[in-house]
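Enquirer: sequence-free structure coming up:
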C-alpha cells in the first residue's frame, strides 16, 4: 500500500511540473510584441514579505499546546523598480528602447508622425526620437494576523494578510528633435498642426485611452486580502519541525481600471483567487543556543476573471496599430483616433500563479539571520471580448487623402503618405470587425522572476512574550520583460502570544 501511494505521489508531481513546463513554453510564444497594459506583482501574495523571519518565529517561539495562540506582524517597506529600459520595451513598438518619429520615410523610421497629427510646413519635415523610462515606486506596510488552536496534538491555524500602500508611476519621457534642412531650423516653429512634440501628441485630449502621461500617477489603497487555512499535519516538538498543508484564497479590493494611460497605477485587483499550498521546515543542526533550519513554502492559486477595459492592436497591422486613424465609411476624410475604437470591455482572467519560497535560518540565542530565494510565475492572461467593435469604420487612407480616399486595411504605423513605405490604398472601402483585433496585444504575457533576500532580527521576550525586531532587503530579477525587476528594503515588527 505504501509503495502504491509513493508511486501515485511521484506521478502527481511529474504531471504537475510537466504541465508547468508546457504552460511556460506556450506562454513564451508572443513575448516579442508591444503590449498596452501592465500588471505588476502584488505585495500581499508575495511570499518574501509574508514569510521571511515571520514563519520561523511563528513555529519556533509559540507554545505547542491545545490553547489559542495569536501572532501579529507588521512589515513597513519601500520598493523601487529597476532596469527601466526593459519595461520600456514592453510598451514600445517592436520591443525597442526608443522610437524614431518621422514625417517622411526616405530614411528608416519606426513611426510615421502623420498618424499623430505631427506635420511640418512645406520647407521642413518632422523628425524626432522618443523614449520612455518607466519607474514604479511603492511604499506602505504589510500586515499579517495569525491564530492557531491545538487539537489532539496537532494545530489548526488561520492567517490573514493585507497591505496598506501607495504607488507612484512615472513614464519619464524623453524627446530629441533633430534640425532638418529648410528655412526653419527650429522644428517647433515649423509645425502646422495642433501638436509641437511627440509627448504632446501622445497626450491627445481626444484620446479616451492609451495616453502617455507627462505627470506622475499615484494611487493609495489596500492591496488584495490573502486568507490561509492550514493544518500542522506533522509536528516534531523536540525541534519544532513541521509539515503543514493549507488552503489559500484572496479577496479583491481594487478599483476598476480605466486604461486611460498605458502605465496605470494599480492597488489591489478585481480578481479573486483560490488555491492550495504546503509549508514545512526542518532543523538539521542544533547545538546549545545555536540552530540551523531549512524552511520551504509552495503555493498555487487560480485567479478568476473580472471585467476590464483593454486597448487592442490589429492582427494584420502590427504593433501600435491601435493608434492608427480611422474613418467612417461615409466620411473618409473625417478622421478619428483609432485608440477610442479599439478599446473595449473584456473579461480578463489571469489564471494560474505559482510562488515557491525557501530559506536558511540561523539562530543564536535571541539573534537571527536568514537568507532566502523566491520563484514566481504568473500565467498569460486569457481575454474574452464582451463588446463588439463599432461597425462601419475603416483605417484612414493616408496615401489617398489628397484624391478620393477609400481605406487602407493593411496600413501599419510606420507607413507614410508617399515613398517606398507608403500605406497602400484599398480598391474599395474595407470595414473593421472584432475578428481583426489582436487579443494578445492587450493581454499581460506570462511573467517569471526570481528574488534573493537577506534579513536579520533580534527577539527579546518582554513580559515573557516573544517580540521580533528586524530588517531586510531583497532584489527581484525579471526573467522576462513582462515581469518587473525591482528592489526593496523593509523592517519587521512581530509578537506571538
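Expert: Done, it's in. All of these numbers come straight from a predicted model, not from anything done at the bench. Numbering: from 1, shown residues only.
Enquirer: Every contact and neighbour count from this point should use C-alpha atoms.
Expert: Will do.
Enquirer: Surely residue 429 is in contact with residue 394?
Expert: Yes - between residue 429 and residue 394 there is a contact under C-alpha atoms under 8 Å: 7.1 Å.
Enquirer: list residues touching both of these two?
Expert: 329, 407 (C-alpha atoms under 8 Å, 6 or more residues apart in numbering).
Enquirer: Just give the nearest non-adjacent residue to residue 229, would you?
Expert: Excluding the flanking residues, the one nearest residue 229 by C-alpha to C-alpha, 6 or more residues apart in numbering is residue 158, at 4.8 Å.
Enquirer: Pull the number of nearby residues for the one you found.
Expert: Residue 158: 18 surrounding residues under other C-alpha atoms under 10 Å.
Enquirer: and it, what helix or strand is that in?
Expert: Assignment of secondary structure by DSSP states H and E places residue 158 within strand 154-170.
Enquirer: Which parts of the protein are helices?
Expert: Under the criterion DSSP state H, the chain contains helices at 2-27, 47-51, 54-61, 84-91, 187-190, 198-201, 338-341.
Enquirer: and those, which one's lowest on average pLDDT?
Expert: Confidence, taken as mean pLDDT, is least for helix 187-190 of the helices of the chain (a mean of 35).
Enquirer: returning to that earlier point: tell me which other helices or strands the strand holding residue 158 touches.
Expert: Taking 3 or more C-alpha pairs under 8 Å, 6 or more residues apart in numbering; DSSP states H and E as the contact definition, the neighbouring helices and strands of strand 154-170 are strand 135-151, strand 217-222, strand 225-231.
Enquirer: what about the stretch 201-350 of the chain, any weak spots by pLDDT?
Expert: Residue ranges of the stretch 201-350 of the chain with pLDDT under 70: none are present.
Enquirer: Go ahead and name everything in contact with stretch 460-477.
Expert: Contact partners of stretch 460-477, identified using C-alpha under 8 Å, 6+ apart, comprise 61-62, 366, 449-459, 484-497.
Enquirer: ugh, wrong one, stretch 72-85
Expert: By C-alpha under 8 Å, 6+ apart, the list of residues contacting stretch 72-85 from outside reads 49, 54, 97, 132-146, 484-496.
Enquirer: circling back to that earlier point, and the buried ones among the contacts of stretch 460-477, selectable in ChimeraX?
Expert: Buried residues within the contacts of stretch 460-477, as defined by 16 or more other C-alpha atoms under 10 Å, are selected in ChimeraX through the command that follows:
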select :61,62,449,450,451,452,453,454,455,456,457,458,459,484,485,486,487,488,489,490,491,492,493,494,495,496,497
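Enquirer: Just the ones in strands from the contacts of stretch 460-477, please.
Expert: Taking DSSP state E, the ones among the contacts of stretch 460-477 that sit in strands are 449-458, 486-496.
Enquirer: right, and residue 368 touches residue 360 too?
Expert: No - under the criterion of C-alpha under 8 Å, residue 368 lies out of contact with residue 360, with a separation of 10.6 Å.
Enquirer: between those two, which one's more packed in?
Expert: residue 368 (21 against 18).
Enquirer: now the strand holding residue 158 against strand 217-222, angle please.
Expert: Here the directions of strand 154-170 and strand 217-222 differ by 160 degrees (axes from the mean of the first three to the mean of the last three C-alpha atoms, to 10 degrees).
Enquirer: what angle do strand 154-170 and strand 135-151 make?
Expert: Using the same axes, to 10 degrees, the direction of strand 154-170 lies 170 degrees away from that of strand 135-151.
Enquirer: Strand 154-170 - what's its average pLDDT?
Expert: Strand 154-170 comes out with an average pLDDT of 96.
Enquirer: Skipping its backbone neighbours, what lies nearest residue 242 in space?
Expert: The shortest distance from residue 242 to any residue that is not its chain neighbour, by C-alpha to C-alpha, 6+ apart, is 4.3 Å, and that residue is residue 235.
Enquirer: tell me the contacts of the closest residue to residue 98 other than its chain neighbours?
Expert: Here the nearest residue to residue 98 in space, its sequence neighbours aside, is residue 131; by C-alpha to C-alpha, 6+ apart that works out to 4.4 Å. The neighbours of residue 131, taking C-alpha under 8 Å, 6+ apart as the test, are 88, 97, 98, 99, 173, 174, 175.
Enquirer: Report the buried members of these.
Expert: Among the contacts of residue 131, those classed as buried by 16+ other C-alpha under 10 Å are 88, 97, 98, 99, 173, 175.
Enquirer: Contact partners for residue 40?
Expert: Contacts for residue 40 were tallied using C-alpha under 8 Å, 6+ apart; they are 483, 484.
Enquirer: Around the closest residue to residue 35 other than its chain neighbours, count how many other residues there are.
Expert: What sits nearest to residue 35 in space, not counting adjacent residues and going by C-alpha to C-alpha, 6+ apart, is residue 441, at 4.9 Å. For residue 441, the count of nearby residues is 25 (other C-alpha under 10 Å).
Enquirer: Verify the stated contact: residue 441 with residue 38.
Expert: No - at 11.0 Å, residue 441 and residue 38 do not qualify as touching, with contact defined as C-alpha under 8 Å.
Enquirer: In the sheet, which residues pair with the nearest residue to residue 127 once chain neighbours are set aside? Tell me.
Expert: Setting aside the residues directly before and after it, residue 127 is nearest to residue 102 in space (C-alpha to C-alpha, 6+ apart), at 4.4 Å. Applying DSSP bridges to residue 102 gives these bridge partners: residue 112, residue 127.
Enquirer: how near is residue 102 to residue 112?
Expert: Taking C-alpha to C-alpha, to the nearest Å as the measure, residue 102 falls 5 Å from residue 112.
Enquirer: Over to residue 206?
Expert: 19 Å.
Enquirer: Which positions in stretch 360-376 come out as buried?
Expert: By neighbour count on 16+ other C-alpha under 10 Å, the buried set for stretch 360-376 is 360-363, 367-376.
Enquirer: Give me the local confidence score for the residue nearest to residue 98.
Expert: Turning to residue 131, the model gives it a pLDDT of 98.
Enquirer: and what of the one 5 residues further on?
Expert: Residue 136 is assigned a predicted lDDT (pLDDT) of 98.
Enquirer: From here on, call the first residue 5.
Expert: In the new numbering, first residue 5, that becomes residue 140.
Enquirer: beta partners of it?
Expert: In this structure, residue 140 bridges to residue 173 when assessed by DSSP bridges.
Enquirer: So it is in contact with residue 170, correct?
Expert: No - applying C-alpha under 8 Å, one finds residue 140 not in contact with residue 170, separated by 10.7 Å.
Enquirer: Now for residue 234, how many residues are close by?
Expert: One way to gauge burial is a neighbour count; for residue 234, by other C-alpha under 10 Å, it gives 20.
Enquirer: Give me the neighbour count for the closest residue in space to it that isn't next to it in sequence.
Expert: Across the structure, with C-alpha to C-alpha, 6+ apart as the measure, the residue nearest residue 234 apart from its sequence neighbours is residue 250 (3.9 Å). Applying other C-alpha under 10 Å, we find 19 residues neighbouring residue 250.
Enquirer: Same check on residue 240?
Expert: Residue 240 has 10 neighbouring residues, counting by other C-alpha under 10 Å.
Enquirer: who does it bridge with?
Expert: The partner list for residue 240 in beta bridges (DSSP bridges) reads residue 245.
Enquirer: Equivalent analysis for residue 475, please.
Expert: In this entry, residue 475 is beta-bridged to residue 460, residue 495, by DSSP bridges.
Enquirer: What pLDDT is listed against the residue nearest to residue 77 when sequence neighbours are not counted?
Expert: Leaving aside its sequence neighbours, residue 77 sits nearest to residue 498 (C-alpha to C-alpha, 6+ apart; 4.2 Å). The predicted local distance difference test score for residue 498 is 97.
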